[in-house]
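> Got a sequence here, can you build the structure:
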Amino acid sequence: MARRERVMRMSVEQPLWRALTAYRVLTMLYAVGLFATAHDEFPRPWIAVAYYVVLAGWTLATLPRVASAARCTKRFLAADLTVALTGILLTPVADAHERVQAGGPTLPSIWTAGAVLAFAIKGGWRWAALASGLVAVANLVERGTPARDTVHNVILVCIASIAIGYVVEVARASERTLARALEIEAATRERERLARDIHDSVLQVLAMVQRRGAVIGGEAAELGRMAGEQEVALRTLVSGGLVPVSRVSEDAAQGAVVRAVEEEPEEGGPVDLRALLAPYAGARVSLAEPGAPVPLAPAAAREVAAAVGAALDNVREHAGEQARAWILVEDEPDEVIVTVRDDGPGIPEGRLAQAEGEGRLGVALSIRGRLRDLGGSAELISVPGQGTEVELKVPKDMKDTKDARGKAEQR
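Now for the predicted structure:
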């Protein structure tokens, strides 16, 4: 059966574009009707007629442009606002001076508000403030003096357009949040389904191979060990789900979930420490982590992961290939704590100081040095015969992020 991609569209913005399309047509007819009822009072009516021909043609020809945010480009918005401003400034030329001073309507009348609202829906309240400001200046120039009714109309247009622009911005943010929540829910359901299927088949087979191989011995024991490693890796992959998947829309106005893409973490953005520690898990290395992401600055996350790798290298080198290790990740309010513990023979008292004196700086440089550069700390506790424990602490609020990033890149 061919796979089908499910597309969900959740948009409160698209109805606004449809309403704007109808508003532009109706207000264009309204402006023409106002002129038709009072054309005999215009000393130069041919100027108004020429403008209304342009206005009607522009309005009808650009209806597809105001059908969505993708088609409503910046260049179109600038041209659309120019048509409105030109009509306002032509009003004193076409109409009688007495009518203008008495508060008569401008040539485009309330059609101008449509041009401002297009700015608001496309770019939010900041674009709306810019467009309404230009309309306010044009109205003051047309009237000559800041009359009460002119100021009233200008303020009304400004408030309405800015409010609509703000609502559009909030709606877009809400749509993105809702789309992400639905995506996470769907991904979680699919992960649970896969986990059930894999647990009932593949994981059970791998576990059986591991047990039978250990009993039989010889080459079968090696196969059992490899099966155990693959079982742990597969469990980590199924339960973790650490690769972020995002869905984006080709048209922001649609608010749609249309295509799955891999989302690269932004430079300087937080990184989930669990994703960097997951590869260390294996047959003899157990990883215990929180169910939620453990965000850290990229430089800090890489350095902590490298310190964990250095600690595991020490386990293999000094405790032997058969030693077991445990990694525990704790996400505290102010810091992240990662503990690496093994069941090896432990480190004799004074051995670390002796190693540093001999110039072997594995623990001092690879572990303590990395954490110190991050403003954190590394404590090593070892009791002969009871294994070794390395506790890494790194603050979440790094004051020297740039320095840490530079040192991490140098390493």
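
> ok, which stretches of the stretch 201-350 of the chain are strands?
245-248, 256-257, 259-262, 271-272, 285-288, 295-296, 325-331, 335-342 (DSSP state E, counting those that start in this stretch).

> Just give me the lowest mean pLDDT stretch among these.
Comparing the strands of the stretch 201-350 of the chain by mean pLDDT, the weakest confidence falls on strand 259-262, with a mean of 40.

> From the contact counts, what lies against the one helix or strand residue 122 maps to?
Per DSSP states H and E: residue 122 is located in helix 111-123. When contacts are defined as 3 or more CB pairs under 8 Å, 6 or more residues apart in numbering; DSSP states H and E, helix 111-123 sits against helix 13-38, helix 74-94, helix 125-143, helix 148-200. Yep, even glycine has a C-beta here, placed from its N, CA and C like the rest.

> And it, how far out from the chain middle?
Relative to its chain's centre, helix 111-123 lies at 27 Å (CA atoms, centre = their mean, to the nearest Å).

> Low-confidence ranges, the stretch 201-350 of the chain, go.
201, 203-204, 233-268, 348-350 (pLDDT under 70).

> I'd say residue 132 and residue 157 touch.
Yes: with contacts counted by CB atoms under 8 Å, residue 132 reaches residue 157, the gap being 5.4 Å.

> Now do the shared contacts for these two.
Counting by CB atoms under 8 Å, 6 or more residues apart in numbering, the contacts common to residue 132 and residue 157 are residue 116.

> more neighbours, these two?
More crowded of residue 132 and residue 157, by other CB atoms under 10 Å: residue 132, with 27 against 21.

> ok, so what distance separates that one from residue 114?
12 Å (CB to CB, to the nearest Å).

> what sits against residue 56?
Residue 56 sits in contact with 28, 32, where contact means CB under 8 Å, 6+ apart.

> now swap in residue 39 and tell me
Under the criterion of CB under 8 Å, 6+ apart, the contact list for residue 39 reads 45, 48.

> same question, residue 107
Residue 107 neighbours (CB under 8 Å, 6+ apart): 31, 35, 48, 51, 52, 55, 87, 88, 90, 91, 94, 95.

> Give me the secondary structure label for it.
Using DSSP: H, G, I helix; E, B strand; the rest coil, the three-state assignment for residue 107 comes out as coil.

> Could you give the backbone dihedrals for it?
phi -60, psi -50 (degrees, to the nearest 10).

> How much space separates it from residue 319?
With CB to CB as the criterion, residue 107 and residue 319 are 87 Å apart.

> again, but for residue 296
Counting by CB to CB, the gap from residue 296 to residue 319 is 28 Å.

> who's more crowded, those two?
Ranked by neighbour count (other CB under 10 Å), residue 296 and residue 319 place residue 296 first, with 24 against 19.

> Leaving out the residues flanking it, which one is nearest to the more buried one?
residue 273 (5.2 Å; CB to CB, 6 or more residues apart in numbering).

> ditto for residue 31
residue 109 (4.3 Å).

> Is the one you found in contact with residue 30, as I believe?
Yes: Residue 109 lies in contact with residue 30 (CB under 8 Å); the separation is 6.4 Å.

> Can I get the helices and strands packed on helix 111-123 in a markdown table including distance to residue 225 and mean pLDDT?
Putting those into a markdown table (distance: least, CB to CB, whole Å; pLDDT from 0 to 100) gives the following:
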| stretch | distance to residue 225 | mean pLDDT |
| --- | --- | --- |
| helix 13-38 | 57 | 89 |
| helix 74-94 | 63 | 92 |
| helix 125-143 | 62 | 88 |
| helix 148-200 | 20 | 76 |
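
> and the residue nearest to residue 296, how many neighbours does it have?
Neighbour number of residue 273 under other CB under 10 Å is 25.

> quick one, what contacts the residue nearest to residue 31?
By CB under 8 Å, 6+ apart, the contact set of residue 109 is 27, 30, 31, 34.

> wait, the third one sits on residue 112?
Think residue 31. No: Residue 31 lies out of contact with residue 112 (CB under 8 Å); the separation is 9.2 Å.

> residue contacts, residue 136?
154, 157, 158.

> distance of the second one from residue 31?
Distance of residue 157 to residue 31, given as CB to CB: 15 Å.

> And for the first one?
From residue 154 across to residue 31, the span is 18 Å (CB to CB).
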